[in-house]
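*Asks:* sequence and predicted structure below; questions after.
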Amino acid sequence: MLIGDMMTNGPVTVSSWDTLRKAAEIMKNGGFRRLPVVERGRLVGIITDRDIRSHIGFLDSTSIGSAMTANPKTINPRMTVEDAARLMIEHKIDGLPVLDKGKLVGILTSTDVMKAFLQVEAGVQGVRDHEPIL
């Protein structure tokens, strides 16, 4: 299964100049745990709820750029979900921005990977249910 089939297209983004308060509000309202950080149409980082929690008390005075992970690991929409899962496990991350020719086109999360696994498993289970018993 390809990333392009499982990713969230057109993710909500923030700027590195925005405050952590803005990122926290966007995450809360959208039910997100991470946001890509984009400057001039180019991905420059990713901010997570964990990054924000580590700055509690300073959300209004802290810029996203000072708390984000710069130059995050990325994937492209033609990679497989299996490749993405390996990258997530290897680097202990739960979300990967998806770039196509340098442009942010989506985001893939660990939840998306589990959904892909369930789809495959359901397909295999369906085949098992219809196999003749010998």
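*Replies:* That came through fine.
*Asks:* ok, the residue positioned nearest the centre of the chain to Arg78 distance?
*Replies:* In the chain, the residue lying closest to the centroid (C-alpha atoms, centre = their mean) is Gly95, at 3.0 Å. Distance, Gly95 to Arg78, using C-beta to C-beta, to the nearest Å: 19 Å. Placement of C-beta: from N, CA and C, glycine included.
*Asks:* a strand runs through Ile56, doesn't it?
*Replies:* No: going by DSSP: H, G, I helix; E, B strand; the rest coil, the assignment for Ile56 is coil, not a strand.
*Asks:* quick one on the thing from earlier: mind listing what the residue nearest to the centre of the chain touches?
*Replies:* Contact analysis of Gly95 by C-beta atoms under 8 Å, 6 or more residues apart in numbering lists Arg33, Arg34, Ile46, Thr48, Ile107, Leu108, Thr109, Ser110.
*Asks:* now do Asp94
*Replies:* Asp94 neighbours (C-beta under 8 Å, 6+ apart): Arg33, Arg34, Thr48, Met88, Thr109, Ser110.
*Asks:* so for it, what's the pLDDT?
*Replies:* pLDDT, Asp94: 95.
*Asks:* equivalent analysis for the one 4 residues further on, please.
*Replies:* The predicted structure scores Val98 at 98 on the pLDDT scale.
*Asks:* partners of it in the sheet?
*Replies:* Here Val98 sits in beta bridges with Ile75, Gly106, going by DSSP bridges.
*Asks:* might one say that it is in contact with Gly106?
*Replies:* Yes: Val98 lies in contact with Gly106 (C-beta atoms under 8 Å); the separation is 3.9 Å.
*Asks:* low-confidence ranges, this structure, go.
*Replies:* 123-134 (pLDDT under 70).
*Asks:* run a quick neighbour tally on Met79.
*Replies:* Using other C-beta atoms under 10 Å, Met79 has 17 other residues around it.
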